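J.: model the following, please.
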Amino acid sequence: MRILFLCFFIVFQTSIFAQTFNVLDFGAKADGLTKDTQAVQAAINACTENGGGTVLIPAGKTVVIGTIYLKDFVTLHVANGAVLLGSPHYKDYATDTHKNTYKNEPHMDRCLIFAHKAKSFAIEGYGVIDGNGSVKNFNRKKDNGRPMLLRFMDCSDIRLNNVTLQNPAAWTSAWLYCDQIAINGIKIKSRINHNGDGLDFDGCTNVRVSNCSFDTSDDSICLQTSRPDKPCKDITISNCVFTSKWAAMRIGLASRGDFDGVTVSNCTFHDIQDSGLKIQMNEGGEMKNMSFSNIVMRNVPRPIFMTFCQQRAGVDAPKEMTPMKAMHHFIFDGIIADNRALDVNTAIFITGMPNHHITDVQLHNVQMTVAGGGTKNDAQRVLKEYTLETLGDWWPEFKKVGVPIPASGIYARHMDGFYLNNIHINTVNKDERPALVLDDVRHHQVENLFLNRKKLKRKDWVIK
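T.: Model (predicted):
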């Protein structure tokens, strides 16, 4: 009897303190055709007004919505087998959801799920949030655009767990100036349209991403700073799998504020079309204190691609270029890159600018397999500098320096403090380029550098 009473008491307590607001009870048809935006928003409003709880998208249902607004203490639970589906009509997406912070991209200003100055909210469940973002629905024609899936601004204490986010018309998510973010076990599939970024953290702090998978048409994870007063710091990313038509991770580009304290560990990258770790400082902030460890890559053309130059990336950035600050203190330790199936341009590529060096970079325990095939002429190439004249209005992408590059394994330029140890480079085909080229690299040290299992001596690499 006492056990039965205890069970009843637990159920009773749960019913009081874990309120559930089923969208069906607020008038949602959930038939996959009717727009249920008002019903879902009514459930969210009732939830926050009653002190918080769970807004339920029930299993087996497809709920179609335009823009909805998440609020304090709301957990949006998309049940296993449920789909929260974006409307295919651009007019159903609100205009009061801030904007995309990159220049020349106002067609991505709108979004499906928005929150502003909200605290302690979550999206969870094993269901699907689908942006319905095919080109036939969303494009850049007049009076049309490409809404993002999620955008959160000035929010705190956010959790995103286990859901699948798929088919956004633009970025999957933009996190603007948020604090205390925990993301675990999600799956992102964003190949249906262009610029399909995964997680973009702009000026965010205390961010943890773990146990996630990404299949994206653009950068899978971005760290950026569109405001000088909003740094991106204290970020951890672990136990994730990445594949992308562009970069697995991009840090920087939009970089008006500082970056400090980033760790990436225990991840695999495969079939990336541009770069694995793409780290770029452009707009006047300072970037420092980053560690990347235990990363396995397969078919990733540039396992590490770092640039320090000037370029205006943000829509709110001043027209005049901001003076360059600093980019320093990076450790890369434990990287395996198997790129034998790619072309002659597979390499680690790091470049600062004259008088603006990337400083204090360590590269340890790296094993790279590359296709090779470089010629003596390739070895003599002089690459272009990243300057405003060479870049024009575009980003500092690899193709801007000219290819092929004059090294088969590692090319480093305009650095101060570059320390390498236990580096193994293997070429499948004969390559007449040096394995390592150091151009204007001060205070460097190279120990245990191997090419095709042969330990190289100082005379075997190029120092300019």
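J.: so Gly284 touches Thr322, yeah?
T.: Yes: with contact defined as CB atoms under 8 Å, Gly284 reaches Thr322; the gap is 3.0 Å. The C-beta positions use only the backbone N, C-alpha and C, and glycine is treated the same way.
J.: so for the two, which residue has more residues nearby?
T.: Neighbour count, other CB atoms under 10 Å: between Gly284 and Thr322, Gly284 has more, with 19 against 16.
J.: what does that one show for phi and psi?
T.: The phi/psi pair for Gly284 (degrees, to the nearest 10) reads phi 100, psi 0.
J.: show me the contacts for it.
T.: Contact analysis of Gly284 by CB atoms under 8 Å, 6 or more residues apart in numbering lists 228, 255-256, 321-325.
J.: then Phe259?
T.: Residues in contact with Phe259 (CB under 8 Å, 6+ apart) are 223, 225, 231-233, 251-252, 281, 285-288, 290.
J.: please apply the same query to Gly409.
T.: By CB under 8 Å, 6+ apart, the contact set of Gly409 is 347-348, 368, 370, 423, 425, 435-436, 451.
J.: note down every partner strand of whatever helix or strand Ile295 lives in and its orientation.
T.: Using DSSP states H and E, Ile295 maps to strand 286-298. Here strand 286-298 has these sheet partners by DSSP bridges: strand 259-272 (parallel), strand 326-339 (parallel).
J.: pull out the buried positions in it.
T.: Neighbour-count burial for strand 286-298 flags 286-288, 290-298 (criterion: 16 or more other CB atoms under 10 Å).
J.: show residues contacting that strand.
T.: Under the contact criterion CB under 8 Å, 6+ apart, strand 286-298 has outside partners 251-252, 255, 258-272, 276-277, 279, 281, 303, 325-339.
J.: chain center to the helix or strand just after it, what's the gap?
T.: Next in sequence after strand 286-298, counting helices and strands by DSSP H and E, comes strand 302-308. Chain-centre distance of strand 302-308: 15 Å, with CA atoms, centre = their mean, to the nearest Å.
J.: so what strands line up beside strand 302-308?
T.: Using DSSP bridges, the strands paired with strand 302-308 are strand 275-281 (parallel), strand 348-351 (parallel).
J.: how about TSV for the contacts of Phe259, with distance to Met415 added?
T.: Formatted as TSV, the contacts of Phe259 follow (distance: CB to CB, whole Å):
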residue	distance to Met415
Leu223	22
Thr225	23
Pro231	24
Cys232	23
Lys233	23
Ile251	17
Gly252	16
Met281	13
Gly285	19
Glu286	16
Met287	14
Lys288	15
Met290	15
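J.: Val74 and Asn239: what is the separation?
T.: 28 Å (CB to CB, to the nearest Å).
J.: doesn't Asp25 fall inside a helix?
T.: Yes: under DSSP: H, G, I helix; E, B strand; the rest coil, Asp25 falls within a helix.
J.: grab the nearest non-local neighbour of it.
T.: Once flanking residues are discounted, Asp25 sits nearest to Ala43: 7.5 Å by CB to CB, 6 or more residues apart in numbering.
J.: what's the answer for Arg159, then?
T.: Spatial nearest neighbour of Arg159, excluding adjacent residues (CB to CB, 6+ apart): Ala122 at 4.0 Å.
J.: let me see the contact set for the one you found.
T.: 74-76, 158-161 are the contacts of Ala122 under CB under 8 Å, 6+ apart.
J.: least trustworthy helix or strand in the protein by mean pLDDT?
T.: One helix or strand of the chain scores below all others by mean pLDDT, DSSP states H and E: helix 2-17, with a mean of 40.
J.: mean confidence for the helix or strand following that helix?
T.: The helix or strand immediately downstream of helix 2-17 is strand 20-22, counting by DSSP H and E. Confidence for strand 20-22, expressed as mean pLDDT, is 98.
J.: tell me the confidence at Thr205?
T.: 98.
J.: just the one 5 residues further on next, same as before
T.: Turning to Ser210, the model gives it a pLDDT of 98.
J.: that one pairs with what?
T.: Assessed by DSSP bridges, Ser210 has beta-bridge partners Asn184, Ser238.
J.: and the contacts of strand 286-298, which are buried?
T.: Neighbour-count burial (16+ other CB under 10 Å) applied to the contacts of strand 286-298 gives 251-252, 255, 258-262, 264-265, 267-270, 272, 276-277, 279, 281, 303, 325-339.
J.: all helices of the chain, in order?
T.: 2-17, 37-49, 376-379, 388-391 (DSSP state H).
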